Every structure is written in structure tokens, then in C-alpha cells.
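Student: here is my input; please provide its structure:
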Amino acid sequence: MFGIPGKQAVTMTTKAAEQIARLMATGGHAGLRIGVKKGGCAGMEYTMDYVDEADTNDEVVEQDGARIMIAPMAQMFLFGTEIDYEVSLLEAGFKFRNPNVVDACGCGESIKFDETLSTQN
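Tutor: Coordinates of the predicted model:
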């Protein structure tokens, strides 16, 4: 596990926790796994997938009936992130407020992390 003992790696706003709990209940899933992968114009993208159980090395964060699992390779990139759920006239979706992001593309789907994160153990 990457981070500070006793501190959750990721937090959720009330709206995000409500939406995740709703998704869990609708699909009968154990939660959502959050990760990062290479891609997009800025270099990295967030991933979210339904899961039926946590993997052994996942960081599990539970809040207000919502459960997210953070994939091991993503833990250092997501530490300190707040997940929100926003609804506007044109779209609705999860928004990540991540202090580790140093750049993002114009569409908001692709991000770039501080390069020193990928060299930390």
C-alpha cells in the first residue's frame, strides 16, 4: 500500500458516494475499481470498472455505502485524489481532483502526472 497510515488514499464527495452506491446496488457489484492506463493526448487516462470482489493488493476505500478499489499500480498516482460526481446540462460524470496531475488535455479525458511518481517505490 502506498500512502500515509490511517489516511485514505482517495476520498469521495457525497454526490460521488451516492452515485457509486447506486451503481453498486443496480448492478449487484461489490464496487468500482479505479486505475490509470497509458493513453490519450496527455499520456494517461483514468479507468473505472465494475468488480465483484477486491483483489488481494487493492486498496479498498468505503464511504457512505460506496466502495472503490484502487488497483495496485494506480495507488501512487491517485493518493490524495477527491472523486466528485457532477451533473450539467450537457453531461454527467465522475470528476477527479488529483493533486498529482501536472497537465491535462483540453477535453479533460487525458492527464499527465509528475514524472517523479513513476520512479518511486
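
Student: how far does the one helix or strand residue 50 maps to sit from the chain's center?
Tutor: Per DSSP states H and E, residue 50 falls inside strand 44-51. How far strand 44-51 lies from its chain's middle: 7 Å, per CA atoms, centre = their mean, to the nearest Å.

Student: mind giving me the packing neighbours of that strand?
Tutor: strand 31-38, strand 111-113 (3 or more CB pairs under 8 Å, 6 or more residues apart in numbering; DSSP states H and E). From N, CA and C alone the C-beta is placed, and that goes for glycine too.

Student: would you single out the least confident of these?
Tutor: Here the helices and strands packed on strand 44-51 differ in mean pLDDT, and the lowest is strand 111-113 at a mean of 66.

Student: quick one on the thing from earlier: helices or strands up against whatever helix or strand comes next after the strand holding residue 50?
Tutor: Counting by DSSP H and E, the next helix or strand C-terminal to strand 44-51 is strand 59-63. Here strand 59-63 touches strand 10-12, strand 66-70, going by 3+ CB pairs under 8 Å, 6+ apart.

Student: geometric centre of this protein: which residue is closest?
Tutor: With distances taken as CA atoms, centre = their mean, residue 34 lies nearest the centre of the chain, 4.4 Å away.

Student: elements contacting the longest helix along the chain?
Tutor: Counting residues, the longest helix found in the chain (DSSP state H) is helix 14-27. Here helix 14-27 touches strand 31-38, strand 66-70, strand 81-87, going by 3+ CB pairs under 8 Å, 6+ apart.

Student: quick revisit: wait, isn't the residue nearest to the centre of the chain in contact with residue 70?
Tutor: Yes: if you go by CB atoms under 8 Å, residue 34 and residue 70 touch, sitting 5.5 Å apart.

Student: common neighbours of these two, please.
Tutor: 10, 78 (CB atoms under 8 Å, 6 or more residues apart in numbering).

Student: show me the contacts for the residue of the chain most remote from its centre.
Tutor: Most distant from the centre of the chain: residue 89, at 23.7 Å, with distances by CA atoms, centre = their mean. Residues near residue 89 by CB under 8 Å, 6+ apart: none.
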